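> with the input below, show me the fold.
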Amino acid sequence: METLLEMLRRRDLDGIWRRYCGFLDLAPAQFQQAQDRLLAEQLVAWRTSRLVRRVFGGTVPATVAEFRERAPLTTYEDYADVLLQRNDAFLVEPTYEWVRTLGRSGPGGHKWVPVTRGMYQDIADAAVGVFIHGTCTRRGEIRLRERDRVIFALAPLPFISGLALRAMREQFNFRTWPPYDQAIRMEYAPRLQDAIRLSYLRGLDYIWGITSQAVALSEQMQDAGRPGSPAGGRAWTRDPRAVVRRILGRIRSRVRGSPLRPRDIWNVKGVLTGGMDTASFRERVRSLWGQYPREVYACAELGFLAHTHYAGGGLVMRHTAGYLEFIPLEDYRRWKDDRSVRPPLLRLSELREGCEYALVGTSFKGGVLVRYVIGDSLAVLSLRDEAAGVHVPQFEVRDRVDDVIDVAGFTRLTGRTIWTAVEQSGVPYVDWVVAKEAGPEGPVLHLYLEPRGEAGSEERVRDLVHERLRQADEGYRDLQDMAGIRPLAVTLLSAGTFARYFKERLAAGHDTAHSRPCHMNPKAEAVSRLRSMSGMRL
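Numbers count the residues shown, from 1 in each chain. Now for the predicted structure:
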C-alpha cells in the first residue's frame with residue numbers, strides 16, 4: 001500500500017485526507033454499516049480459531065445479528081491461558097507483534113495481546129491521522145512536512161505506543177529526538193534529556209506522549225540552562241544555537257508579560273497527548289505551549305480507538321479499530337456485581353448526550369477479542385458538531401470503571417496494592433477509601449483514612465503511605481522519579497466516621513453488603529458524606 005510520504009510527494013492531499021481522516025465524514029448510519037461489514041468479515045475469519053470458538057461455546061455466529069444476540073462479554077481471564085503463552089496455534093492468523101498492557105494478569109505477570117498485520121496497518125493509519133488532526137485548523141489541511149521533528153516521549157515496544165511510533169515512521173520520514181534507533185535502547189530519563197538537547201540545538205515540531213509526561217517534560221524544557229535544572233551545567237546549554245533560542249524566548253516572554261514558557265522558545269505545530277488525566281492537564285498544556293493538547297485514545301487490546309478532530313471537540317471514534325458497543329454505566333455495575341446479568345449493549349447511534357458508558361470492543365482484522373470489556377468510562381459530550389461537520393458522537397474518557405485507578409498514565413493501582421501500602425505503613429486505622437480527584441496541579445490520589453487512635457499528622461501519614469506505594473508499585477515509583485509527580489493526598493477522618501456512614505446507609509434501607517463505601521473510587525456523594533460526617537458525633 002502507498003505510504004503517506006509517497007502520497008504527499010505527488011501532492012495527493014485529497015487522497016491523504018480521505019484515507020487517514022475520512023472517518024470524520026461518516027454519518028451514523030454509514031459508521032454502523034462499515035462496522036457491520038468489518039464484523040461480518042471477522043466472523044468468517046474466526047471459524048479457524050480454536051480460542052474464539054471456545055469463547056462462543058463451539059460455534060462462531062454466522063451473522064452480525066446472531067453475534068449481537070449470542071456473543072458473551074469477556075475479560076482477559078477468558079483468553080489468559082492462551083495469550084500469556086503467546087501461542088499463535090489457537091489464534092486466527094500468525095501474530096505480527098505481541099504488545100503488553102498496563103494491567104497485570106496476576107502477581108508479577110503482564111497481559112499480552114497479539115497484533116496482526118492488518119491491525120498493525122490500521123495503527124499506522126491511525127497514528128498518521130493523529131498527526132494530521134493534531135496540527136490542522138480546517139478540514140482538508142495537511143501541515144505535515146518532510147523531516148518534521150518529534151520528541152520521542154512514548155513508551156517503546158512492547159507497549160502499543162512504541163508499535164505506533166514504529167508504524168508511523170514506516171509511513172513518513174519523521175525525525176525523532178533522540179533518533180529512533182538510539183532512543184529504543186535508552187532509559188527513560190537519559191532519553192528525555194537528549195530530546196531536550198536536540199530540541200534546543202535543532203528545533204522541534206511536535207510533542208507526543210502521555211499528558212502527565214508531556215507536562216513534566218515541558219517544564220524541564222523551559223528550565224534547561226538554569227542553574228539547578230537537570231540540564232543546567234551541561235556543555236550543550238552553552239552552544240550558540242541553544243543560547244540564541246533562550247534569548248529570543250526571553251524577549252517573547254517579556255513582550256507577553258509572563259514568565260518564560262516553552263511556547264516562547266519553540267513554535268510547535270502540535271502537542272499530541274493521551275491518558276486518563278488529559279482533562280486535568282489541559283490548561284497547563286495551554287499555558288506552556290499556547291495551545292490545547294490534541295488527545296488520542298488507544299489501548300493495547302484494540303489499538304487506536306479515537307482522537308480529537310481539527311475543531312478541537314471531543315474524541316471521535318474510528319470505525320476500523322474494532323466493533324464498538326456501549327453499556328450504560330449503571331448496567332455495567334450491575335453486571336460487575338452479578339455476571340449472570342445480561343446488560344444492554346448499545347451501538348453508536350443509540351447513545352444519549354450527557355450519559356456515561358462502559359466501552360466494549362471486538363477485534364477486527366484477525367484479532368481474537370470478543371466483546372472485550374475494556375474497563376473505561378466514556379461520557380458523550382455531544383451527538384454531533386454541526387459547525388465542524390462531524391455527525392457522530394464525541395466523547396470524553398472519564399476514568400476506569402472497575403476497581404483500578406489509573407494515575408497519570410504511568411500505572412493502574414489496584415485496591416490490593418493500596419491496601420497493602422496502608423497496612424505496611426504502620427498507621428493504625430479503622431477504614432479508608434481512595435478517590436482520584438482533580439487538583440490545581442493535576443490529578444490527586446486522595447486517601448481518606450479514619451485512624452485508630454493516634455496516627456500523627458496528615459503529612460506523616462501521607463509520607464508513610466507514599467513510601468510504601470513506591471516500594472509496592474514500579475509505575476507509581478516512576479511517576480515521581482520520571483515525571484516529578486507526587487499525587488498522594490491524605491485527609492484524616494474523625495473517630496466514628498465510617499460507623500456513622502454505615503448506620504445511615506442501613507437506616508436508608510441498604511443491605512449490609514452495600515452500606516460501606518467502595519474502597520476504590522467511591523461515588524462523589526459517598527466521599528462528600530464521609531467528609532461531612534467527620535465532624536459529627538455518633
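
> now the strands: where do they sit in the stretch 101-250 of the chain?
Ranges of strands in the stretch 101-250 of the chain, per DSSP state E, counting those that start in this stretch, are 109-115, 149-153, 175-177, 206-210.

> with distance to Val243 and mean neighbour count added, can I get the ones you listed in TSV?
C-betas here are computed from N, CA, C, even on glycine. Putting those into TSV (distance: least, CB to CB, whole Å; neighbours: other CB atoms under 10 Å) gives the following:
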stretch	distance to Val243	mean neighbour count
strand 109-115	45	20
strand 149-153	20	24
strand 175-177	19	22
strand 206-210	22	27
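
> between these, which gets nearest to Ala489?
Of all those, it is strand 206-210 that lies closest to Ala489, at 21.1 Å by CB to CB.

> just put the strands of the stretch 101-250 of the chain in CSV and tack on distance to Asp431 and mean pLDDT.
Output for these, formatted as CSV (distance: least, CB to CB, whole Å; pLDDT from 0 to 100):
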stretch, distance to Asp431, mean pLDDT
strand 109-115, 30, 88
strand 149-153, 39, 90
strand 175-177, 48, 96
strand 206-210, 32, 91
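
> quick check: Ala71 touching Val370?
Yes: applying CB atoms under 8 Å as the test, Ala71 and Val370 come out as touching, 5.7 Å apart.

> joint contacts of these two?
Taking CB atoms under 8 Å, 6 or more residues apart in numbering as the criterion, Ala71 and Val370 both touch Phe56, Thr362.

> quick one, which of those two is more surrounded?
Val370 (25 against 20; other CB atoms under 10 Å).

> my read is that that one contacts Val52, right?
Yes: counting by CB under 8 Å, Val370 touches Val52, with 6.4 Å between them.

> report all helices and strands that the biggest helix by length in the chain contacts.
If you go by DSSP state H, the chain has its longest helix at helix 28-46. In terms of contacts (3 or more CB pairs under 8 Å, 6 or more residues apart in numbering; DSSP states H and E), helix 28-46 is packed against helix 64-70, strand 322-328, strand 356-363.

> so what strands line up beside the last one?
Spelled out, that is strand 356-363. strand 322-328 (antiparallel), strand 372-382 (antiparallel) (DSSP bridges).

> check the offset of the first one from the chain's centre.
Just to be clear, that refers to strand 322-328. Taking CA atoms, centre = their mean, to the nearest Å, the mean C-alpha location of strand 322-328 is offset from the chain mean by 17 Å.

> in that strand, what's buried?
Going by neighbour count (16 or more other CB atoms under 10 Å), the buried part of strand 322-328 is Gly322, Tyr323, Leu324, Glu325, Phe326, Ile327, Pro328.

> which other residues reach that strand?
With CB under 8 Å, 6+ apart, strand 322-328 has contacts from 35, 38-39, 42, 302-303, 305, 317, 335, 343-348, 350-351, 355-364, 367, 369, 371, 378.

> related to what we said a few turns ago, mind putting the strands of the stretch 101-250 of the chain into TSV with distance to Phe90?
Listed next are the strands of the stretch 101-250 of the chain as TSV, based on distance: least, CB to CB, whole Å:
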stretch	distance to Phe90
strand 109-115	10
strand 149-153	35
strand 175-177	36
strand 206-210	33
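
> out of the ones you listed, the one nearest Arg282 is which?
Across these, closest to Arg282 is strand 206-210 (CB to CB), at 13.9 Å.

> the closest one pairs with which strands?
strand 149-153 (parallel), strand 270-274 (parallel).

> so whichever helix or strand comes after the last one versus strand 270-274, what angle?
Going back to what we said before, that points to strand 270-274. Using DSSP states H and E, the next helix or strand after strand 270-274 towards the C-terminus is helix 278-289. Using axes from the mean of the first three to the mean of the last three CA atoms, to 10 degrees, the inter-axis angle of helix 278-289 relative to strand 270-274 is 160 degrees.

> please identify the buried residues of helix 278-289?
Buried residues in helix 278-289, counting neighbours by 16+ other CB under 10 Å, are found at Thr278, Ala279, Ser280, Phe281, Arg284, Val285, Leu288, Trp289.

> related to what we said a few turns ago, any of the contacts of strand 322-328 buried? List them.
By 16+ other CB under 10 Å, the contacts of strand 322-328 give 35, 38-39, 42, 302-303, 305, 317, 335, 343, 345-348, 351, 356-364, 367, 369, 371, 378 as buried.

> residues touching Val60, list them.
Leu43, Trp46, Arg47, Val52, Arg53.

> could you rerun that using 6 Å?
When contacts are counted by CB atoms under 6 Å, 6 or more residues apart in numbering, Val60 is found next to Leu43, Trp46, Arg47.

> quick check: closest non-adjacent residue to it.
Trp46 (4.6 Å; CB to CB, 6 or more residues apart in numbering).

> what about Glu93, neighbour count?
The tally of other residues near Glu93 (other CB under 10 Å) stands at 17.

> again, but for Glu386
Quick note: Glu386 (other CB under 10 Å) scores 8 neighbours.

> quick one: the residue nearest to Ala153 when sequence neighbours are not counted from Ala155, how far?
Closest residue to Ala153 in three dimensions, ignoring its sequence neighbours and counting by CB to CB, 6+ apart: Gly209, at 3.1 Å. Counting by CB to CB, to the nearest Å, the gap from Gly209 to Ala155 is 9 Å.

> so Leu305 sits in a strand?
Yes: applying DSSP: H, G, I helix; E, B strand; the rest coil, one finds Leu305 inside a strand.

> where in this structure is pLDDT low?
The chain contains residues with pLDDT under 70 at 102-109, 227-233, 403, 409, 509-515, 536-538.

> and Gln32, what does it touch?
Each residue near Gln32 by CB under 6 Å, 6+ apart is listed here: Arg347, Ser349.

> ugh, wrong one, I meant Tyr501
Leu530, Met533.

> let's verify it: helix, strand, or coil?
What three-state DSSP gives for Tyr501 is helix.

> now the buried residues of helix 278-289 as JSON lines including distance to Asp473?
Listed next are the buried residues of helix 278-289 as JSON lines, based on distance: CB to CB, whole Å:
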{"residue": "Thr278", "distance to Asp473": "22"}
{"residue": "Ala279", "distance to Asp473": "23"}
{"residue": "Ser280", "distance to Asp473": "20"}
{"residue": "Phe281", "distance to Asp473": "21"}
{"residue": "Arg284", "distance to Asp473": "25"}
{"residue": "Val285", "distance to Asp473": "26"}
{"residue": "Leu288", "distance to Asp473": "28"}
{"residue": "Trp289", "distance to Asp473": "30"}
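
> hang on, the earlier thing: how much space between the residue nearest to Val60 and Leu345?
Distance, Trp46 to Leu345, by CB to CB: 18 Å.

> again, but for Glu459
Noted for Glu459: a distance of 47 Å to Leu345, by CB to CB.

> which residue is nearest the middle of the chain?
Ranked by distance to the mean C-alpha position of the chain (CA atoms, centre = their mean), the top residue is Gly275 at 2.8 Å.

> was I right to think that residue contacts Gln213?
No: counting by CB atoms under 6 Å, Gly275 does not reach Gln213; the two are 8.2 Å apart.

> what's the overlap in contacts for the two?
Common contacts of Gly275 and Gln213, defined by CB under 6 Å, 6+ apart, are absent altogether.

> tell me how the chain divides into domains.
Split into domains by automatic domain parsing, the chain comes to 4-95+317-394, 119-295, 404-533.

> any idea how far apart the tips of the first one sit?
In terms of CA to CA, to the nearest Å, the two terminal residues of domain 4-95+317-394 are separated by 27 Å.
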